[in-house]
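1. dropping a prediction and its sequence here:
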Amino acid sequence: IACVLFAMGIVGNFDLLGNVTTVDELAGRAGWWYVVNDPRPWNEKWHSLLVLIPTAVLALCSFYFSYLLWRYGTEFSIVVHSSYLNPWFTPFFGTLALAVGQVFPERWYPLTSNIGLIIFVVTLLLLM
């Protein structure tokens, strides 16, 4: 799955498809807001979806793993915290920032997606 998602990201971001038109020029430069609110039919927006799907899969998997880490820190770790807001919960906030950063339109997408990715990585590093 990882290789397929990696290939999708490369093909979409580097415009390696032969029939790319100006319709898809915002692929990789606009988030889910553009895909959902664009009035064109879905078969004309597949290039934008091709770019956004790998990060969406990363966010979904990361939500699941952050839940597992939180549960580990709450119930099974050597130092069990009495509160459900413990240090093992920080990857959830990074994943939330990653997912929210992918939503914005083309004006804000470059800034929000990069900030979301940086927050995601920082929260993973804080856990180490």
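-> Great, that's in hand. Numbers count the residues shown, from 1 in each chain.
2. please make it C-alpha for all contacts and neighbour counts, starting now.
-> Fine.
3. so His81, which of the three states?
-> With DSSP: H, G, I helix; E, B strand; the rest coil as the basis, His81 sits in coil.
4. was I right about it contacting Trp70?
-> No. Under the contact definition of CA atoms under 8 Å, His81 does not touch Trp70, with a separation of 10.4 Å.
5. who has more neighbours, these two?
-> The residue with more neighbours, out of His81 and Trp70 and counting by other CA atoms under 10 Å, is Trp70; that gives 22 against 15.
6. show me what contacts that one?
-> Under the criterion of CA atoms under 8 Å, 6 or more residues apart in numbering, the neighbours of Trp70 are Asn86, Trp88, Phe89.
7. how near is it to Glu25?
-> For Trp70, the distance to Glu25 equals 40 Å [CA to CA, to the nearest Å].
8. same thing with Trp88?
-> Here the criterion is CA to CA. By it, Trp88 lies 40 Å from Glu25.
9. pretty sure Pro110 is in contact with Leu26, am I right?
-> No. With contacts counted by CA under 8 Å, Pro110 stays clear of Leu26, the gap being 11.2 Å.
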